[in-house]
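J.: Quick one, structure for this:
(one chain, ligands or ions: 1)
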Amino acid sequence: PLSTRGLHMKVGFIGLGIMGRPMALNLLKGGFDLTVWARRDASMAPLLEAGAKGAAGPAEVAAGCDVVFSMVSDAADVEQVALGAGGVADGARPGLIYVDMSTIAPAAAQGIAERLAARGVTMLDAPVSGGEVGAINAGLTIMVGGDEAAFGKVKPMLASMGKSVTLIGGSGAGQVTKACNQILTGVTVVAVAEAFNFARKSGVDAGKVRAALLGGFGYSRILENHGQRMLDRNFKPGFKAWMHQKDMNIVMQEAHRLGLMLPNSAATAQLFNAMVGSGMGEEDSVAALKLFEQLSGD
Ligand code: NAP
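T.: Residues are numbered from 1 along each chain as shown. You can find the predicted model right below:
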């Protein structure tokens, strides 16, 4: 029935970059009545062409919607979109559900959720994994923190953007899960770059190494997909190195706050710092390979 699929609800989407644009398109394909806003007209255009309504800012999106999603960059951006002048809270009708899908620090997500709650808005943190391909194919893994009843209402919308949708726990729990994911993906992408450079410097074809190891215990989707991109020297984002630096910074800040030792994350965070410092910030994180090459005399 219509009601359980949430199609009677009006849905907003803010932030239409590499991830946000295909995610919003999948909401449209899912049959939702969609209103969008992005700060650049060029980002809005493909959604308007596809049939979404356009709004002049986050407050206007919120004023016309029951549920508003955002997919921006970092905590300061989420704060601006949610609580800044002309933000979601300024336009929200009582009972609005706001779902931020950006990757930000768990503590930041909790803080924003508390401030929104004081203004009658229920916030869920719902970061994603699966990259641009997952966003396009509606194959994202979505990890959610926050109120269970609100989660139930937005689940049909999340299901139109992802294939695995899980309520992990209370506010911030989605972001904790995403931080765990970034430890795994960050450390692994660096490990694949390290292994490929090791093979090459040993006089062995990294492509053959990858093909042989896909059937072994060292298999990972990162070895398969990101490894292939390294071999193709395809450094176009995808997932920008500065974004992964941001995520490892979130991980290290939480480690500091909790008094935790995260030695592999620490080394990975340093490597992403060096990528950004050497001008690779806007390239995909698979460009980590180039850093190993540069440091091994090439
Ligand atoms: P992106 O292509 O740079 O898109 C981010 C979008 O947010 C941009 O279009 C940007 O607008 C907009 N934005 C940023 N700050 C804003 C603000 N204060 N107000 C209004 N709009 C703002 O990045 P992305 O790859 O889609 O990443 C988005 C989020 O998803 C990040 O938190 C990232 O960590 C996470 N993520 C990314 C991937 C991936 O593989 N790419 C995978 C999982 C999660 P402008 O275009 O005007 O700058």
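
J.: how near is the closest residue to residue 225 other than its chain neighbours to residue 53?
T.: The shortest distance from residue 225 to any residue that is not its chain neighbour, by C-beta to C-beta, 6 or more residues apart in numbering, is 7.8 Å, and that residue is residue 133. The C-beta positions use only the backbone N, C-alpha and C, and glycine is treated the same way. The spacing between residue 133 and residue 53, counted by C-beta to C-beta, to the nearest Å, is 28 Å.

J.: Would you map the strands across this structure?
T.: In the chain, strands defined by DSSP state E lie at 10-14, 33-37, 53-54, 67-70, 97-100, 122-125, 128-129, 140-145, 162-169, listed in chain order.

J.: Tell me which of the ones you listed lies nearest to residue 265.
T.: Set against residue 265 and scored by C-beta to C-beta, these come closest in strand 128-129, at 16.4 Å.

J.: contacting residues around whatever residue of the stretch 151-298 of the chain ends up closest to the ligand?
T.: Among residues of the stretch 151-298 of the chain, the one nearest the ligand by C-beta to the nearest ligand atom turns out to be residue 239. It sits 3.4 Å away. Contacts of residue 239 were listed using C-beta atoms under 8 Å, 6 or more residues apart in numbering, and they are 131-132, 284-285.

J.: The same query, at a cut-off of 6 Å, please.
T.: Each residue near residue 239 by C-beta atoms under 6 Å, 6 or more residues apart in numbering is listed here: 131, 284-285.

J.: What is the nearest of those to residue 99?
T.: Among the contacts of residue 239, residue 131 lies closest to residue 99 (C-beta to C-beta), at 19.4 Å.

J.: Tell me the residues of the stretch 51-200 of the chain that contact the ligand?
T.: Applying C-beta under 6 Å from any ligand atom, one finds that the stretch 51-200 of the chain approaches the ligand through 71-73, 77, 80-81, 102-103, 128-129, 131-132.

J.: Which of these are buried? Put it as a PyMOL command.
T.: Selecting just the buried residues from those in PyMOL takes one command, with 16 or more other C-beta atoms under 10 Å as the test:
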select buried, resi 71+72+73+77+81+102+103+128+129+131+132
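
J.: how about the residue nearest to residue 64 when sequence neighbours are not counted, what does it touch?
T.: Counting by C-beta to C-beta, 6+ apart, the nearest residue to residue 64 once its immediate chain neighbours are dropped is residue 35, at 5.5 Å. Shown here is residue 35, whose contacts under the criterion C-beta under 6 Å, 6+ apart are 12, 53, 55, 61, 64.

J.: redo that, cut-off 10 Å
T.: With contacts defined as C-beta atoms under 10 Å, 6 or more residues apart in numbering, residue 35 is in contact with 10-14, 24, 47, 52-55, 60-65, 68.

J.: Tell me the pLDDT of it.
T.: Note on residue 35: pLDDT of 98.

J.: Next: the one 10 residues further on.
T.: Residue 45 is assigned 97 on the pLDDT scale.

J.: Kindly report the same for the one 4 residues further on.
T.: Model confidence at residue 49, expressed as pLDDT, equals 98.

J.: do the same with residue 2
T.: The model reports residue 2 with a pLDDT of 50.

J.: now swap in the one 10 residues further on and tell me
T.: The per-residue pLDDT reported for residue 12 equals 98.

J.: Make 5 the starting number, not 1.
T.: OK, 5 is where the count begins now, so the last one is residue 16.

J.: need the longest helix for the chain.
T.: With secondary structure taken from DSSP state H, the chain has its longest helix at helix 177-205.

J.: That helix versus strand 144-149: what angle between them?
T.: Calculated by axes from the mean of the first three to the mean of the last three C-alpha atoms, to 10 degrees, helix 177-205 forms an angle of 140 degrees with strand 144-149.

J.: which of the residues in stretch 181-189 are buried?
T.: Going by 16+ other C-beta under 10 Å, stretch 181-189 has these buried residues: 181-183, 185-187, 189.
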